[in-house]
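K.L.:
sequence and predicted model, in that order:
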Amino acid sequence: MVARLAKEVMSLDTEIAETETMIEERFRRHRHAEIILSMPGFGVILGAEFITATGGNINTFASVDRLAGVLRRLDNVIENLLTRRQPDVTINPTRTRYLPDP
């Protein structure tokens, strides 16, 4: 059973690597890729997510200040996702809470 699970994990690792390669190739063809990559903290995956969220149009933002504000909020969201646990909805089903770190 352990050997089978290890093969599945290795297969998933390969699939993830192939998917990331496809995302990177597609992202680098976008007309704003180099501009996005020049922004601090942006890599290929976050850049691709940013293009997806904006519909590929940086001009969606009325000003550089507006773009910076959105990026700050995005950074906060990512930080929260990385540091918080799964939502705990058993305490109060009407409000999602995050479990504290152990």
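P.N.:
Happy to help now that I have it.

K.L.:
which helix or which strand is home to the spatially most central residue of the chain?
P.N.:
Residue closest to the average C-alpha location in the chain (Cα atoms, centre = their mean): Leu46, at 5.1 Å. Here Leu46 sits within helix 44-54, counting by DSSP states H and E.

K.L.:
average pLDDT across that helix?
P.N.:
The pLDDT scores in helix 44-54 average 84.

K.L.:
one more: stretch 59-68?
P.N.:
The pLDDT scores in stretch 59-68 average 78.

K.L.:
list the buried residues in it.
P.N.:
Leu67 (16 or more other Cβ atoms under 10 Å). Yep, even glycine has a C-beta here, placed from its N, CA and C like the rest.

K.L.:
where does this protein dip in pLDDT?
P.N.:
75-102 (pLDDT under 70).

K.L.:
what's the longest helix in the chain?
P.N.:
Longest helix of the chain, by residue count under DSSP state H: helix 2-28.

K.L.:
just checking, what packs against whatever helix or strand comes next after that helix?
P.N.:
Where DSSP H and E defines the elements, the next helix or strand beyond helix 2-28 is helix 33-37. Packing partners of helix 33-37 (3 or more Cβ pairs under 8 Å, 6 or more residues apart in numbering; DSSP states H and E): helix 44-54.

K.L.:
what sits up against the helix it packs on?
P.N.:
20, 23-24, 26-28, 30, 32-33, 36-37, 42, 60, 74, 78 (Cβ atoms under 8 Å, 6 or more residues apart in numbering).

K.L.:
got the angle between that helix and helix 2-28?
P.N.:
Helix 44-54 runs at 60 degrees relative to helix 2-28, counting by axes from the mean of the first three to the mean of the last three Cα atoms, to 10 degrees.

K.L.:
all good on my end, thank you.
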